[in-house]
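K.L.:
Structural data only, the sequence is not supplied:
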């Protein structure tokens with residue numbers, strides 16, 4: 001019961017971070033601010049959702065797989081953000 005409640009709270013907090021990142025994407029003025037808001041909030045949000053799902057998963061194997069997914073998404077998100085930011089700055093210099 002307590003474990004399910006804690007998992008629900010973690011997943012709910014993760015969803016709040018996802019919503020905050022989406023609002024930042026829609027409201028911030030330039031590309032660099034948008035990327036920053038989106039990658040930070042989404043990485044934290046996914047970490048919280050993965051932690052909540054790991055609590056509900058019931059085994060260490062599920063928790064480990066969720067951890068790997070989170071780490072891979074963080075690596076891919078930061079790499080994509082660097083590429084977009086570099087392209088954006090190159091466009092600004094032209």
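P.N.:
Thanks, I have the structure now. Every value quoted in this text rests on a predicted model; they were computed, and no experiment measured them.

K.L.:
Could I get the full set of strands for this protein?
P.N.:
With DSSP state E as the criterion, the chain has no strands.

K.L.:
And the helices in it, which stretches?
P.N.:
Ranges of helices in the chain, per DSSP state H, are 2-27, 31-57, 60-93.

K.L.:
What separation is there between residue 35 and residue 27?
P.N.:
Computed with C-beta to C-beta, to the nearest Å, the distance linking residue 35 and residue 27 is 14 Å. Where C-beta positions appear, they are placed from N, C-alpha and C, glycine not excepted.

K.L.:
Between the two, tell me which one has more neighbours.
P.N.:
Neighbour count, other C-beta atoms under 10 Å: between residue 35 and residue 27, residue 35 has more, with 21 against 10.

K.L.:
What is the burial count for the closest residue to that one other than its chain neighbours?
P.N.:
Closest residue to residue 35 apart from its sequence neighbours, by C-beta to C-beta, 6 or more residues apart in numbering: residue 81 at 4.7 Å. Counted with other C-beta under 10 Å, the neighbours of residue 81 add up to 18.
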